[in-house]
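[1] here is the input, now give the coordinates:
(one chain, ligands or ions: 2)
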Amino acid sequence: MGNQNYNINTRIVKVGHEDSNKASIPPIYQSTTFKADSIDALSTQEYDYTRSGNPTRTTLQNHLASIIGCKHVYTVNSGMACLDVILSNLSPGNEVIAGTDLYGGSDRLLNFFKKRHDLNLNQYDTTNLSLMKKVINKNTKLILLESPTNPLINVIDVKAITSYAHKVNPDCIVVFDNTMMTPLLMNPLELGCDIHYESATKYLNGHHDIMAGVLATNRDDLAKNIFFVINATGSGLAPFDSWLLIRGLKTLSIRLEREQENCMKLANYLQNKGFKVRYTGLKSHPQYKLHFSQARGAGAVLSFETGNIKLSELIIKHVNLFSTTVSFGSVSSLISLPLKMSHASIDKNVLAERQFPQDLIRLCVGIEDIKDLIADLDQAITLAKRQIGSKL
Ligand SMILES: Cc1ncc(COP(=O)(O)O)c(C=O)c1O
Ligand SMILES: N[C@@H](CCSC[C@H](N)C(=O)O)C(=O)O
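    Numbering: from 1, shown residues only. Ligands and ions are numbered 1, 2, ... in the order given. The predicted structure is shown next:
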């Protein structure tokens, strides 16, 4: 039975690999070089040098292609390296459209390419479909989408934008950053996108012990260009990290299931406390229906506004169980203030122009006991409110 006949939860666990010693788990090929049988045989051998290819990386890439259900997958050494590989294939003057609401690091890299490589970058509110239809034109070379956005949890109509872009310019490359959803919850290629990439540093690995990125496409021409840059620059994922990612992936569905369940309960708890909560799992989310028309779950990242930056800082100060750190998708819960952490790489004036909420707290929910998570947040909120109250 081919792997594609199994459901995704089975495909995640079933890693296809061949080993002459019949090892149950794929071995790590911690080797830079691969010997040639002869000078002439070298050109037909699959491996010569790990920058160009490595058997452990190949096992991982084939495994991910089976999970995603696509033709080509490449793994690189971070989520940002995925975007770098994609942008490196563009030429000066190419027209690129991206959101004004996207991960800070993506914003930084896009603007670096704009300044240093003359990319004709324009950023818009990608949630506004009629605006997107006005700005997408026959010269639009690439569109970068992210949904739900990190950390404002806004939702983009992926299918509508993608089909419109391809109608106006069949050569337009629509790229989707699927870090917030993973292939378990969303399939951007099935929604019409040309390239799906994501930071495997987050949910895919799930344990915050490696940096990794995944690029997926069904198009042979794009796959060729992607591989060219990876091989030419050396951003391919290292063998040990590939091995760790193969291991981490196996628990993706049970981790995510528990994380989502916990996140939903925290969202309800915070909403009942009177905070403005941003989470697509809540029916009150303005794009709840749109989100669930293109995804199978809400993920485990929520954000909420307290109405007071000092109160937000004090809540973060007083939690014990949540670690104050960037990133998400790990088994342990995290708390952060995006303005000063994950999105600090965006110019302050630009953030102000975009009305980025200063008091926004982001929670990245892990697999701990929900009673402990709520109790921790509850005591922190009580303490923070008491301190704020005494200063008023
Ligand atoms: C939505 C999103 N995309 C891409 C990245 C970049 O991934 P990495 O940190 O693995 O480079 C991040 C976080 O860093 C992210 O949140
Ligand atoms: N100092 C880092 C910040 C990384 S933010 C990581 C993650 N995507 C998140 O959203 O928390 C940087 O400069 O990139």
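
[2] now do the helices in this structure.
    All helices of the chain, identified by DSSP state H, fall at 8-13, 55-68, 79-88, 104-117, 129-135, 158-168, 182-185, 220-233, 239-249, 252-272, 288-294, 309-318, 348-353, 370-391.

[3] need the contact list for Q358.
    Neighbouring residues of Q358 by Cβ atoms under 8 Å, 6 or more residues apart in numbering: 309, 339. For every residue, glycine as well, the C-beta is placed using N, CA and C.

[4] sorry, that was for L121
    Residues in contact with L121 (Cβ under 8 Å, 6+ apart) are 96-98, 110-111, 113-114.

[5] now I86
    I86 makes contacts with 142, 173, 175, 195, 197, 215, 226, as judged by Cβ under 8 Å, 6+ apart.

[6] for it, report the pLDDT, please.
    Looking at I86, its pLDDT reads 98.

[7] quick revisit: for the contacts of I86, which one is nearest ligand 1?
    Ligand 1 lies nearest to Y197 out of the contacts of I86, by Cβ to the nearest ligand atom, at 8.0 Å.

[8] can you count the residues close to the closest one?
    As a burial measure, Y197 scores 28 neighbours (other Cβ atoms under 10 Å).

[9] distance of it from ligand 2?
    Y197 is 13 Å from ligand 2, where distance means Cβ to the nearest ligand atom, to the nearest Å.

[10] also S332?
    14 Å.

[11] again with G105
    G105 is 4 Å from ligand 2, by Cβ to the nearest ligand atom.

[12] go ahead and confirm that residue touches M341.
    No: with contact defined as Cβ atoms under 8 Å, G105 does not reach M341; the gap is 11.5 Å.

[13] ok, V85 - contacts?
    74, 76, 215, 226, 229-230, 233, 235.

[14] kindly recompute the last result at 6 Å.
    Each residue near V85 by Cβ atoms under 6 Å, 6 or more residues apart in numbering is listed here: 226, 229.

[15] pLDDT at the closest residue to S106 other than its chain neighbours, what is it?
    In this structure, S106 finds its nearest non-sequential neighbour in L83, 5.8 Å apart by Cβ to Cβ, 6 or more residues apart in numbering. pLDDT, L83: 98.

[16] what about L83, how many residues nearby?
    The number of residues packed near L83 is 25, by other Cβ under 10 Å.

[17] mind checking how far it is from K317?
    Using Cβ to Cβ, to the nearest Å, one gets 33 Å for the distance from L83 to K317.

[18] same deal with K22?
    Here the distance between K22 and K317 works out to 54 Å (Cβ to Cβ).

[19] what does T162 give?
    Shown here: T162 relative to K317, a distance of 43 Å by Cβ to Cβ.

[20] ditto for S284
    28 Å.

[21] and R255, by the same measure?
    Using Cβ to Cβ, we find R255 at a distance of 28 Å from K317.

[22] more crowded one of those two?
    It is R255, of R255 and K317, that has more neighbours when counted by other Cβ under 10 Å, with 21 against 13.

[23] how near is the more buried one to P286?
    For R255, the distance to P286 - Cβ to Cβ - is 28 Å.

[24] equivalent analysis for L189, please.
    Separation of L189 from P286 (Cβ to Cβ): 27 Å.

[25] show me which of these two is the more surrounded one.
    L189 (21 against 12).

[26] which residues touch the more buried one?
    L189 makes contact with 70, 196, 218, according to Cβ under 6 Å, 6+ apart.

[27] which single one of the residues you listed is nearest to ligand 2?
    Of all the contacts of L189, ligand 2 sits closest to H196, with 17.2 Å by Cβ to the nearest ligand atom.

[28] follow-up on the earlier one: let's have the contacts of L121 in a markdown table, adding neighbour count.
    A markdown table is the format used below for the contacts of L121 (neighbours: other Cβ atoms under 10 Å):
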| residue | neighbour count |
| --- | --- |
| V96 | 22 |
| I97 | 24 |
| A98 | 24 |
| L110 | 19 |
| N111 | 18 |
| F113 | 19 |
| K114 | 17 |
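
[29] as CSV, the residues you listed with pLDDT and distance to L245 would be great.
    Listed next are the contacts of L121 as CSV, based on pLDDT from 0 to 100; distance: Cβ to Cβ, whole Å:
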residue, pLDDT, distance to L245
V96, 98, 29
I97, 98, 31
A98, 98, 27
L110, 98, 26
N111, 97, 29
F113, 98, 27
K114, 98, 31
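
[30] how about the residues of the stretch 1-150 of the chain by ligand 1?
    Within the stretch 1-150 of the chain, the positions adjacent to ligand 1 are 78-80, 103, 105-106, 146, 150 by Cβ under 6 Å from any ligand atom.

[31] which of the residues you listed has the most neighbours?
    Most neighbours among these, by other Cβ under 10 Å: N150, with 28 neighbours.

[32] wait, isn't that residue in contact with Y103?
    Yes: with contact defined as Cβ atoms under 6 Å, N150 reaches Y103; the gap is 4.8 Å.

[33] which residues are in contact with each of the two?
    Common contact partners of N150 and Y103 (Cβ under 6 Å, 6+ apart): none.

[34] which non-adjacent residue is nearest the closest residue to ligand 1 within the stretch 51-200 of the chain?
    Nearest residue of the stretch 51-200 of the chain to ligand 1, counting by Cβ to the nearest ligand atom: G79, 2.3 Å away. Closest residue to G79 apart from its sequence neighbours, by Cβ to Cβ, 6+ apart: S199 at 2.5 Å.

[35] so how far is ligand 2 from the one you found?
    7 Å.

[36] can you pull the contacts of that residue?
    Here S199 is in contact with 79, 179, 213 (Cβ under 6 Å, 6+ apart).

[37] again with L131
    Applying Cβ under 6 Å, 6+ apart, we find L131 in contact with Y124.

[38] any idea how far T56 is from L377?
    To L377, T56 is 40 Å away according to Cβ to Cβ.
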